[in-house]
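Undergrad: Just the structure for this:
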Amino acid sequence: MRVAVPKETDADERRVALVPDAVGKLASSGFTFAVERSAGLAAGFIDTEYSAAGAEVVSRTDVLKGADAVVRVGRPSADEIGELEPGTVLIGFLAPLSDPESIERLAARGVVAFAMESIPRTTRAQVMDALSSQSTVAGYKASLIAADRLPRLFPLLMTAAGTVAPAKVLVLGAGVAGLQAIATARRLGAVVSAFDVRPAVREQVESLGAAFLDLGVTGAETEGGYAAELSPEEQARQQAALEERIPDMDVVITTALIPGRPAPKLIPTAAVERMRLGSVIVDLAAEAGGNCELTQPGAEIEHGGVTIVGLTNLAARLPYHASQLYARNVTALLLHLAPDGELALDFDDEITAGACVSGREVTA
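TA: Below you'll find the predicted structure:
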């Protein structure tokens with residue numbers, strides 16, 4: 001099976017789908033590779049490392065020639081879809097819920113596409129769970145950004161000049177990103193609290209040394225492990241309760257997402273306007289509209305002396321390790337779809353069927 005690794009074309013994307021170590025591992029399992037020149041450079045991986053791992057390093061013009069599979073991070077543009085041959089296997093973050101038009105283009109082209117965000121959240125598929133691996137990176141980066149933007153120190157300091165009180169951090173949402181944000185903020189010395197509508201995550205929050213806020217609003221957990229959407233009445237109660245707690249915080253990091261839906265609004269403008277001067281909100285749900293009413297996706301703004309960070313794709317800001325983790329997810333999926341380097345798609349298998357978003361009929 002010949003696998004193509006093109007360079008990512010999105011201006012803000014610095015990750016690469018496979019790192020040299022992953023290429024070497026897969027090459028020993030019967031795969032061959034064409035890697036576009038400089039595909040891994042922004043992530044810290046040079047072409048000679050790919051060559052040493054057994055890949056052929058080629059031009060953009062040649063990278064897709066003869067490819068049985070194409071692996072990438074972000075979804076391809078309409079022009080890039082047009083370059084794929086019918087029957088080609090495509091793996092990447094393809095946004096099937098938010099960009100159905102691209103999925104339709106892939107289907108029309110006859111591409112057999114597997115979306116990394118559609119990998120089932122099961123124990124068996126855990127090693128392929130790219131959403132979790134990249135959320136870990138994003139949660140870590142969110143706490144670092146918050147510490148950088150906050151005009152206060154995070155830790156308690158006892159100095160000859162006196163004692164400095166620690167920063168107070170609130171994390172909304174205790175999924176993978178939220179838990180990593182909690183752990184990182186705690187390591188930086190902040191006093192951390194967290195809230196999630198799922199009571200089951202309380203133990204995880206407290207195991208990291210954070211306090212779990214009980215706001216009297218609870219919700220169910222979906223099959224994929226996400227919090228189920230609250231009713232309008234529950235959302236209103238949640239907002240009101242948070243509005244009372246948020247002004248006491250120096251930093252709020254929000255991570256609440258519902259797949260395929262706009263992000264729930266947790267922080268109204270009124271709550272922001274009650275925060276202390278210099279406070280920071282880092283909104284990890286910015287790409288889906290944001291958990292804060294004032295968030296501007298892709299931008300960093302200030303409102304009444306409060307910094308609101310709506311930067312998207314935070315994982316790409318730590319491209320070296322984000323690429324390593326993503327490559328391990330992709331490697332596991334490739335070995336699942338093509339044991340010993342030979343494509344063998346079994347759509348009775350829950351992972352294969354769950355992740356496939358187009359082209360199943362091509363292989364029938």
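
Undergrad: got the end-to-end distance for stretch 36-51?
TA: Counting by CA to CA, to the nearest Å, you get 11 Å between the two ends of stretch 36-51.

Undergrad: try stretch 34-45
TA: Span of stretch 34-45 from end to end, CA to CA: 15 Å.

Undergrad: Please identify the buried residues of that stretch?
TA: Neighbour-count burial for stretch 34-45 flags Ala34, Val35, Glu36, Ala39, Gly40, Ala42, Ala43, Phe45 (criterion: 16 or more other CB atoms under 10 Å). Yep, even glycine has a C-beta here, placed from its N, CA and C like the rest.

Undergrad: Ok, stretch 147-160 next?
TA: Across stretch 147-160, burial judged by 16+ other CB under 10 Å covers Ala147, Arg149, Leu150, Arg152, Phe154.

Undergrad: Dump the residues you listed to TSV, plus secondary structure, distance to Ala190 and pLDDT.
TA: Below are these laid out as TSV (DSSP: H, G, I helix; E, B strand; the rest coil; distance: CB to CB, whole Å; pLDDT from 0 to 100):
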residue	secondary structure	distance to Ala190	pLDDT
Ala147	helix	8	98
Arg149	helix	13	98
Leu150	coil	9	98
Arg152	coil	10	97
Phe154	coil	5	98
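
Undergrad: This protein: helices as residue ranges?
TA: 20-27, 47-52, 78-82, 100-109, 130-149, 176-187, 202-207, 232-245, 269-273, 319-337, 350-355 (DSSP state H).

Undergrad: pretty sure Gly310 is in contact with Glu300, am I right?
TA: Yes: between Gly310 and Glu300 there is a contact at 6.7 Å, judged by CB atoms under 8 Å.

Undergrad: nearest spatial neighbour of Ala107, skipping sequence neighbours?
TA: Ser358 (4.0 Å; CB to CB, 6 or more residues apart in numbering).

Undergrad: what's the domain layout of this structure?
TA: When the chain is parsed with automatic domain parsing, its domains come out as 2-118+318-358, 135-317.

Undergrad: Any idea which of the ones you listed gets closest to Gln126?
TA: domain 2-118+318-358 (9.1 Å; CB to CB).

Undergrad: Just the terminal-to-terminal distance for the closest one.
TA: Start-to-end span of domain 2-118+318-358 (CA to CA) is 20 Å.

Undergrad: what does stretch 39-52 give?
TA: End-to-end distance for stretch 39-52, by CA to CA: 15 Å.

Undergrad: any residues touching that stretch, and which ones?
TA: Applying CB atoms under 8 Å, 6 or more residues apart in numbering, the external contacts of stretch 39-52 come out as 5-8, 14-16, 19-20, 23, 33, 35, 37-38, 57, 319-320, 322-323.

Undergrad: Just the buried ones from those residues?
TA: By neighbour count, with 16+ other CB under 10 Å, those hold 5-8, 14-16, 19-20, 23, 33, 35, 57, 319-320, 322-323 as buried.

Undergrad: Pass me the low-pLDDT residue ranges in the stretch 251-364 of the chain, would you?
TA: In the predicted model of the stretch 251-364 of the chain, residues 362-364 satisfy pLDDT under 70.

Undergrad: give me that answer again for 80
TA: Under the criterion pLDDT under 80, the flagged ranges of the stretch 251-364 of the chain are 361-364.

Undergrad: Could you pull out the strands in it for me?
TA: 251-254, 280-283, 300-303, 306-309, 356-358 (DSSP state E, counting those that start in this stretch).

Undergrad: correct me, but Leu277 touches His303?
TA: No: in this structure Leu277 lies outside contact range of His303 using CB under 8 Å: 11.3 Å.

Undergrad: which one of these two has more residues nearby?
TA: Set Leu277 next to His303 and count neighbours by other CB atoms under 10 Å: His303 wins out with 15 against 8.

Undergrad: roughly how far apart are the more buried one and Arg276?
TA: Distance, His303 to Arg276, using CB to CB, to the nearest Å: 13 Å.

Undergrad: and the helices of the chain as JSON lines, adding distance to Thr122?
TA: Below are the helices of the chain laid out as JSON lines (distance: least, CB to CB, whole Å):
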{"stretch": "helix 20-27", "distance to Thr122": "22"}
{"stretch": "helix 47-52", "distance to Thr122": "32"}
{"stretch": "helix 78-82", "distance to Thr122": "29"}
{"stretch": "helix 100-109", "distance to Thr122": "23"}
{"stretch": "helix 130-149", "distance to Thr122": "12"}
{"stretch": "helix 176-187", "distance to Thr122": "15"}
{"stretch": "helix 202-207", "distance to Thr122": "19"}
{"stretch": "helix 232-245", "distance to Thr122": "29"}
{"stretch": "helix 269-273", "distance to Thr122": "37"}
{"stretch": "helix 319-337", "distance to Thr122": "13"}
{"stretch": "helix 350-355", "distance to Thr122": "7"}
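
Undergrad: Perfect, that will be all.
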